[in-house]
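# need coordinates for the following:
(chains A and B)
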Amino acid sequence: MGEAQKGLLSVIEKLKGTTEKEVRIVLLGLDNAGKTTLLKSLASEDVNTITPTQGFNIKSVASHGMKLNVWDIGGQRKIRPFWKKYLENTDLLIYVIDSADKKRFEETGLELSELIDEEHLKGVPVLIFANKQDLATASPASEIAEGLNLHTYRDRQWQIQACSAVSGEGVQDGMNWICNNIANKKK
Amino acid sequence: MAEDDREWVFESIVGYLSSPIWLIPINEFLETKSLVFDDEEENKLSYTDIHMQYKTLVERLLDNYMREVGISDQQFLDACTSPFAKSKTMQSVFQPILATDDFQMFRSMMVQKNMELQLQALRIIKETSGSLPDSLTDGVDEMKELEEQEISILQDVLKKSKEEYEAQKRRQLLEVETPSARSSTSHKSAAISREAQDTNFAPGQQRNSAKAKTEVNRDSSGSNNVHHTRIVNGSSATEYNPERSTAARKEVKISRLETEKSGALSGSSSTVTPELERNGVEDSVLPAVRTPPRCAQGGGSQPVSEACLEEAHREAGFSKPFTELSTSQQEEIQQRAAYLRLQRDKLHALKKEQQKSTPTSPEVTSNPEPTTTSNVSPEAVGQSQRNGACTPPPPPPPPSAQRCNSSKKEVSAEERKVSADERKQLQKRKHLADKLKEEVIRK
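The predicted structure follows:
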């Protein structure tokens, strides 16, 4: 049964017959980190009407000849247990941090380290967006990287990128990293 | 692999995907699970679970089929990637399979199904009761009428406001009293501050103007002006945002309460209202409508009132989602939804019954056939549903049902009711077997 299922999945995947390479990206982070804003910014949509996400949003963005399917899942504490369900077959994790919310750096660090240990995310590259750099009280990306002990990650590619989802600054740099990384990784 | 061998596989697959063995479970799944799928942009977490269940279902069905027919995964893939499978007509046949891997495709499928069922339910309601109940028509026609009325009232008010514009000096003096009145009102009702807060979050000028109105309403407390203000509030809100007019109505209700509460506090600021209103309306092209009212209020009171509002927002809790707005509509919507759901459930139960009541026969394939037809064609469903719903004790079958060469729809809808009649059953089976044979031979 297991084998048949595996075969079947690959069948279904190939059935699509798309020439584009599809990449599954999951966008996570605490509530109010700016995930949905980032998602809309990626899709060049209006970022002014965003409300706290109760479920999840999906956008497909074409970039570097690839189709990036970005899944943005709500970050409120009560829905964080659902994150697990979205990690399967993920090619890349984007983790968003509110750089100005120093009080919750510890909490966000814990959530990230839990994600890193997830079976489905083994070896999956991580891009960390140090968001809200437009705020005066935002911590610099290097400081956040240190706080998260990113340098101890040996089993995967990682990158931290300062950005402001509202202004769009830094977002494209992050996307470039993603595309370069995925292009290298996927045949 | 020979070319015609591949062709055979392909045709077999297409045949399977068009057969009741495949269509019935898939259709039933869509019908039972589609209820939660609306066309909001944001997805609910429950969608994912349903998608998973769907995947399992499709996998199980395909797996069984391939094992039964003896097609390997590779053959299946070869067939499906052949040029035939790429054609437009085939795409719709293969869509249910593709949807397992493509959440967005699955979602749109479910949303569509939900709408279909909703429409069916509406039609049935209409046919059984002659017309749609008030709760279901509310948002459309009645609102338009109200809107027109309110627009004419608004015009009157605008005229009046122009006259009162002359009294601005006097008003500014009296304005100083207002903040104290407002601070007490803003404490009184958390609900209204939430309204105000929500509108504050929303950048659209419509909402800002709505907010201005709420503010206005709180300010204006002249006893003779209460009624007047209420109307103004309602009308302008409706005019700006017809689709949100239920919310606006509710807002009106709240603000009326508010106005009455603060009735005695500042008696003579009545003239402010029309003036602010006028600003709100005429300056609505400005990016922020909030500013004009502020200017009109005059210098001294402005910071105080701002602070009060801020406080009110905080009290209401900043984390309140924007969707809070809809709580005002929820009662009405729930009423409608409950009614619709009831109808849908009925419909669903009936469909299920139809399927169950098909006599159990060793020929598995022959029996589901009529059910599919009834499933596929909404007309047929409506027909049988109506029969069942209108006359609770199913009437004795009309003699016409005896004719076995009547249309399939009729067979499925009516003959099933007299499943006890063995003869008819046999006839039906025979008929179906013929049909099936015909189909198989055609392939």
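# can you show me the strands along chain A?
For chain A, the strands defined by DSSP state E cover A:21-29, A:56-63, A:66-73, A:92-98, A:126-131, A:158-162.
# out of the ones you listed, which is closest to chain B?
Between chain B and these, the tightest spacing by Cβ to the nearest Cβ is seen for strand A:56-63, at 5.0 Å. Every C-beta, even on glycine, is put in place using the N, C-alpha and C of the backbone.
# for the record, mean pLDDT for the helix or strand where B:Q343 lies?
Applying DSSP states H and E as the criterion places B:Q343 in helix B:327-357. The average of the pLDDT scores along helix B:327-357 is 74.
# was I right about A:H151 contacting A:W158?
No. Look at A:H151 against A:W158 with Cβ atoms under 8 Å: they stay out of range, at 9.2 Å.
# in chain B, where is pLDDT below threshold?
Applying pLDDT under 70 to chain B flags residues B:1-4, B:85, B:133-144, B:166, B:169, B:176-330, B:355-422, B:424, B:436-443.
# let's go with 90 and repeat that
B:1-15, B:35, B:38-41, B:63, B:66-102, B:118, B:121-443 (pLDDT under 90).
# quick revisit: helices or strands next to the helix holding B:Q343 in the packing?
helix B:20-33, helix B:103-129, helix B:134-137, helix B:245-261, helix B:368-376, helix B:378-390 (3 or more Cβ pairs under 8 Å, 6 or more residues apart in numbering or on different chains; DSSP states H and E).
# angle of that helix against helix B:20-33?
Calculated by axes from the mean of the first three to the mean of the last three Cα atoms, to 10 degrees, helix B:327-357 forms an angle of 150 degrees with helix B:20-33.
# helix, strand, or coil at the closest residue to B:V9 other than its chain neighbours?
Spatially, and ignoring its direct neighbours in sequence, B:V9 is nearest to B:A79 (4.4 Å; Cβ to Cβ, 6 or more residues apart in numbering or on different chains). Following DSSP: H, G, I helix; E, B strand; the rest coil, the label given to B:A79 is helix.
# burial measure for B:A79, as a count.
22 (other Cβ atoms under 10 Å in any protein chain shown).
# can you check the pLDDT for A:N69?
93.
# go on, A:S142?
At A:S142, pLDDT is 94.
# quick one: it from A:I128, how far?
12 Å (Cβ to Cβ, to the nearest Å).
# between the two, which contacts overlap?
Taking Cβ atoms under 8 Å, 6 or more residues apart in numbering or on different chains as the contact rule, A:S142 and A:I128 both touch A:I160.
# who's more crowded, the two?
Neighbour count, other Cβ under 10 Å: between A:S142 and A:I128, A:I128 has more, with 25 against 12.
# could you pull out the strands in the stretch 51-200 of chain B for me?
Listed in chain order, the stretch 51-200 of chain B contains no strands at all (DSSP state E, counting those that start in this stretch).
# ok, the residue of it found nearest chain A - how many residues close by?
For the stretch 51-200 of chain B and chain A, the shortest gap (Cβ to the nearest Cβ) falls at B:D73, measuring 3.7 Å. For B:D73, the tally of surrounding residues (other Cβ under 10 Å) stands at 18.
# so what's B:A121 closest to, chain neighbours aside?
B:A121 sits nearest to B:Q343 (Cβ to Cβ, 6+ apart), 4.0 Å away.
# how near is that neighbour to chain A?
26 Å (Cβ to the nearest Cβ, to the nearest Å).
# and B:G15, by the same measure?
Distance from B:G15 to chain A, by Cβ to the nearest Cβ: 18 Å.
# counting neighbours, what do you get for that residue?
Quick note: B:G15 (other Cβ under 10 Å) scores 16 neighbours.
# and it, what element?
Short version, using DSSP H and E: B:G15 is in helix B:3-17.
# so which residues of chain A form helices?
A:2-15, A:35-42, A:105-116, A:141-147, A:171-185 (DSSP state H).
# tabulate those (CSV), appending distance to B:R170.
Output for the helices of chain A, formatted as CSV (distance: least, Cβ to Cβ, whole Å):
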stretch, distance to B:R170
helix A:2-15, 76
helix A:35-42, 47
helix A:105-116, 56
helix A:141-147, 58
helix A:171-185, 54
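# quick check: which of these is nearest to B:E331?
helix A:35-42 (28.6 Å; Cβ to Cβ).
# alpha carbons only: can I get the closest one in PDB?
In PDB, the C-alpha atoms belonging to helix A:35-42 read as follows (Å, rounded to 0.1, in the frame of the first residue of the first chain):
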ATOM      1  CA  LYS A  35       4.000  37.400   7.500                       C
ATOM      2  CA  THR A  36       0.900  38.300   5.600                       C
ATOM      3  CA  THR A  37       2.300  41.700   4.800                       C
ATOM      4  CA  LEU A  38       5.400  40.100   3.500                       C
ATOM      5  CA  LEU A  39       3.300  37.700   1.400                       C
ATOM      6  CA  LYS A  40       1.300  40.500  -0.100                       C
ATOM      7  CA  SER A  41       4.400  42.500  -0.600                       C
ATOM      8  CA  LEU A  42       5.900  39.500  -2.500                       C
END
